[in-house]
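Enquirer: Kindly return the folded structure for what I paste below:
(chains A and B)
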Amino acid sequence: MIKIEVEKELLGSLGKMNLHVNLAIEAQSFVALSGQSGSGKTTLLRILAGLEEAKGRIVVEDEVWLDGFKALPPQKRGIGFVFQDYALFPNMSILDNLLFVRQDKALAEELLSMSELLELAHRKPATLSGGQKQRVSLCRAMMNRPKLLLMDEPLSALDPLMRNKLQQEILSLHKTFGTTTIMVSHDPSEMYRLSSRVVVLSQGKVVQDGDAKSVLLRTQGSQKFSFEGELLDVIKVDVIYIAIVAIGQQIVEVVLDASEALDLQVGDRVNIGTKAFAPIITFQKERL
Amino acid sequence: MLEKVMALEFAPFLISFKLAFITTLILFCISLFLAWSLAQSRSRFKPIFEAITALPIVLPPSVLGFYILYSLSFHSPIGRFFQDVLGIKLVFNFTGLVVASCFYSLPFMVQPLQSGFEALPKNMLEASYIAGKSKLKTLFFVALPNIKPALMSAIIITFAHTVGEFGVVLMVGGSIPGETKVASVAIYEMVEIMDYTSAHIYSGLMVLMSFVVLLCVYIFNRQESHRLGGIV
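Expert: Sure, this is the predicted structure:
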């Protein structure tokens, strides 16, 4: 069980803001931390790691990490941290990167073989691809058998295919070691696949907290489905209007009537939902 | 010409290199910790320390030489302490030269090391702290091995700069043959007595050696930054 009660004044993009978070996290759970950039997610993660000062109280399995302003240094917390930019030690081989954390060759080899990296064990990080580097970073974080694994957008620098593969690996590592994990993420599918709980921060406060499905599902009432998008253009065609909306990586057209078109401005964030139709799912390409 | 070369005394060169070697060694040990703490520091007073460290670059060597000469001499408490209590005389001898050179060349060791440390990704050092390693261990096993080009520059430039110093050495050491007469001072004296041939040989040697040293630094740095995938 991890009890977090922290407060810190931050200088966000909208001026001063107060990070105030109160959370209790079950042992062995997988929590996804989401929210717009500047909402305080990364700062919260860094406070948990002891890399950033804060006021409050953090208790992890009867161990006090923060009491008022008195903080346990990161060296003594026994955590794993996966950075977005990998943060591997370029002067050491892959194996040495792991052994630097703890001289436990058996564990290092077990982790590397789980991640299919055993053949690369004696290579230097500079010769690896982004996906491989992040897998090394993940293995390294597991080396001191952490009580808490923190991941700061670990997969956001990778391409979708690699992201998919690493999600599987994170999941299997979590199943094998049962490490309590907090991961900062922006990707709803990633949060849904990995986490048992999603916490959404906004302006330093928790605004949503629940299981992945209830937090991430966008439909309201009798809506069958609903998407968030950005209005790119409104085109007048005879008596009707056509709105061009970008949803994720795709562009769609939606028919509007004149009164709806008047309310909307190009650049607006919009929700597109439908009630009447049963959506059709077709198989698009081979499974990853 | 060849006879002239054979007849030349090379003691000033030897003294120059001995001085540069000892100075570089001492400065490396001091500056490593100084540069590391400056790079890590978020203190309000950091600019003050940085300014003090950089002073020898802008001060005329005569000013630096004068203060060092005064502080080390029998007229100052420091000089008197060394002479009375420890029995060490610090002016007009080799020991004094080493002390003076350490002040004179300090910024050339500290600054490359500090910017090397500052250019390291912060996350990399944090990853080491999270792995349970102390700041000292992080310095030796993570920071230092990853700033090899900066380290190389710092050492070589400090060495070369000490070989090339003139004003401070002349003021603090004088020109005692075999003791404090370094190559640069020897050249000055050769020109004064209009022995241009010797001055040419000495000066030519200095230019050649300095060029070779600098060339080595740049070649090494080029290779090293390729090898580390351009992180430094």
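
Enquirer: Kindly format the C-alpha coordinates of the longest helix along chain A as CSV.
Expert: The longest helix of chain A (DSSP state H) is helix A:160-177. Extracted in CSV, the C-alpha atoms of helix A:160-177 (Å, rounded to 0.1, in the frame of the first residue of the first chain):
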residue,chain,number,x,y,z
PRO,A,160,3.3,2.2,-32.9
LEU,A,161,4.6,-1.3,-33.8
MET,A,162,7.4,-1.1,-31.2
ARG,A,163,5.0,0.5,-28.7
ASN,A,164,2.7,-2.5,-29.1
LYS,A,165,5.5,-5.0,-28.5
LEU,A,166,6.8,-3.2,-25.4
GLN,A,167,3.3,-2.9,-23.9
GLN,A,168,3.2,-6.7,-24.0
GLU,A,169,6.6,-6.8,-22.3
ILE,A,170,5.7,-4.4,-19.6
LEU,A,171,2.6,-6.4,-19.0
SER,A,172,4.5,-9.7,-18.7
LEU,A,173,7.1,-8.1,-16.5
HIS,A,174,4.4,-6.8,-14.2
LYS,A,175,2.8,-10.2,-14.1
THR,A,176,6.1,-11.9,-13.3
PHE,A,177,7.3,-9.5,-10.6
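
Enquirer: Strands of the stretch 151-288 of chain A, start to end?
Expert: Assigned by DSSP state E, counting those that start in this stretch, the strands in the stretch 151-288 of chain A fall at A:180-184, A:197-202, A:205-210, A:225-237, A:240-247, A:250-256, A:269-274.

Enquirer: what's the last one packed up against?
Expert: Under the contact definition 3 or more Cβ pairs under 8 Å, 6 or more residues apart in numbering or on different chains; DSSP states H and E, strand A:269-274 sits against strand A:225-237, strand A:240-247. Just so you know, the C-beta spots here come from the backbone N, C-alpha and C atoms, and that holds for glycine as well.

Enquirer: mean pLDDT for those strands: which is lowest?
Expert: Among the helices and strands packed on strand A:269-274, strand A:225-237 has the lowest mean pLDDT, at a mean of 85.

Enquirer: Can you tell me which residues in chain B are near chain A?
Expert: Contact residues (Cβ under 8 Å from any Cβ of the partner chain) of chain B with chain A: B:121, B:123-124, B:126-134, B:141-142, B:145-146, B:227-229, B:231.

Enquirer: Quick check, pLDDT for the residue in the stretch 51-200 of chain A that chain B sits nearest to.
Expert: Nearest residue of the stretch 51-200 of chain A to chain B (Cβ to the nearest Cβ) works out as residue A:126 at 3.3 Å. Confidence at residue A:126, expressed as pLDDT, is 92.

Enquirer: List the residues that contact residue A:146.
Expert: Neighbour list for residue A:146: A:78-80, A:179 [criterion: Cβ atoms under 8 Å, 6 or more residues apart in numbering or on different chains].

Enquirer: So among these, which ones count as buried?
Expert: A:78-80, A:179 (16 or more other Cβ atoms under 10 Å in any protein chain shown).
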